[in-house]
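A.B. asks: Next input, structure requested:
(one chain, ligands or ions: 1)
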Amino acid sequence: MDKYVVFGNPIEQSKSPFIHTLFARQTGQVMTYQAQWVALDGFTAAADTFFAEGGRGCNITVPFKEQAFTYADQLTERARLAGAVNTLKLLDDGVVLGDNTDGEGLVQDLLQHGVSLADKRILLIGAGGAARGVILPLLAQQPAGLVIANRTAEKAEQLATTFASHGRIAALALDQLDGERFDIIINSTSASLSQQLPGIPATLIQPETVCYDMVYGTGMTTFNAWAKALGARVVMDGLGMLVGQAAESFMLWRGIRPGARQVQRELRRTLQ
Ligand code: ATR
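C.D. replies: Numbers count the residues shown, from 1 in each chain. Prediction:
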């Protein structure tokens with residue numbers, strides 16, 4: 001049976017086995033998908049063993065995405081620009097392909113919820129790995145503009161420079177945002193995880209501003225609760241992105257696109 005795995009440390013919180021098992025059932029694919037804890041210095045050995053024993057593909061989560069980037073023999077363009085790999089696939093000629101499906105997972109989640117990105121003004125808050133991983137897929141949707149804003153402004157500027165040839169992208173400091181207007185605001189910072197807000201002005205939140213927090217939890221995230229209290233009608237959290245990136249990985253491995261909506265509903269139920 002074709003074997004797949006997710007590598008991480010810690011790993012017990014991973015929802016990936018749940019998601020991929022539902023995808024496999026839904027699409028009639030005969031495969032196994034397991035979670036594997038890996039010692040901090042053990043990623044390369046774990047991946048070598050997995051592929052030597054017939055493994056077909058794996059997901060990689062914190063803290064191994066950069067190591068997986070180095071491990072891959074070949075990279076997709078989105079992985080190369082993300083600087084991180086969340087999906088490896090063993091190709092027929094023995095080459096290990098590295099991909100990054102996080103950004104497409106975000107884009108697909110937005111599109112499936114009726115939020116188109118073409119010609120929209122998008123604000124991406126944060127300039128860490130989570131932000132970097134989604135920029136190319138966001139630009140591929142041809143927004144009117146993508147603004148990166150970060151607490152440490154230089155990191156946002158660096159990202160804007162890196163991606164300048166791929167679309168309309170600019171950087172602004174958090175204190176330069178007042179008076180700007182955005183259709184979609186995406187929070188890629190880890191602030192919600194510590195019940196903090198990323199520090200953007202409240203004037204940015206209008207009833208029609210779509211707000212997206214890349215993290216998720218049992219209740220509404222700190223950022224989304226703030227936006228909702230300011231009147232935003234649509235707030236979304238990162239659970240849909242999680243299912244979306246999994247669907248993209250599944251597609252890469254199996255050549256079949258699974259349906260994300262039902263899996264997202266079932267996953268949400270497990271969180272309550
Ligand atoms: P990740 O890989 O999850 O993106 P990271 O590389 O550590 O993690 O980046 C975290 C991001 O969240 C950064 O953009 C960070 O801002 P700085 O570059 O200024 O550190 C941002 N961040 C974290 N906590 C924040 C907070 N309380 N307010 C604003 N930004 C925050």
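
A.B. asks: hey, let's count contacts and neighbours off CA atoms from now on
C.D. replies: Noted.

A.B. asks: Across the sheet, point out what pairs with Trp37.
C.D. replies: Note on Trp37: beta-bridge partners Gly8, judged by DSSP bridges.

A.B. asks: Now do it, the pLDDT please.
C.D. replies: Trp37 carries a pLDDT value of 98.

A.B. asks: Could I get the buried residue list for the one helix or strand Ile185 maps to?
C.D. replies: Using DSSP states H and E, Ile185 maps to strand 184-187. Using 16 or more other Cα atoms under 10 Å as the test for burial, strand 184-187 gives Ile184, Ile185, Ile186, Asn187.

A.B. asks: List the neighbouring strands of it plus their orientation.
C.D. replies: Within its sheet, strand 184-187 is paired with strand 121-125 (parallel), strand 210-213 (parallel), according to DSSP bridges.

A.B. asks: re the thing from before, quick one: which of the buried residues of strand 184-187 is nearest the ligand?
C.D. replies: Checking the buried residues of strand 184-187 against the ligand with Cα to the nearest ligand atom, the nearest one is Asn187 at 8.7 Å.

A.B. asks: right, and the closest one touches Met214 too?
C.D. replies: Yes. Using Cα atoms under 8 Å, Asn187 is in contact with Met214, at 6.1 Å.

A.B. asks: re the thing from before, can you tell me which of the strands paired with strand 184-187 comes nearest to the ligand?
C.D. replies: strand 121-125 (7.2 Å).

A.B. asks: And for the closest one, what's in contact with it?
C.D. replies: 131, 143-150, 181-189, 198 (Cα atoms under 8 Å, 6 or more residues apart in numbering).

A.B. asks: next SSE after that strand?
C.D. replies: Remark: after strand 121-125, the chain's next helix or strand is helix 129-140, criterion DSSP H and E.

A.B. asks: Do I have it right that Leu110 meets Ser116?
C.D. replies: Yes. Using Cα under 8 Å, Leu110 is in contact with Ser116, at 7.0 Å.

A.B. asks: Of the two, which one has the most company?
C.D. replies: Using other Cα atoms under 10 Å as the criterion, Leu110 and Ser116 rank with Leu110 on top: 20 against 15.
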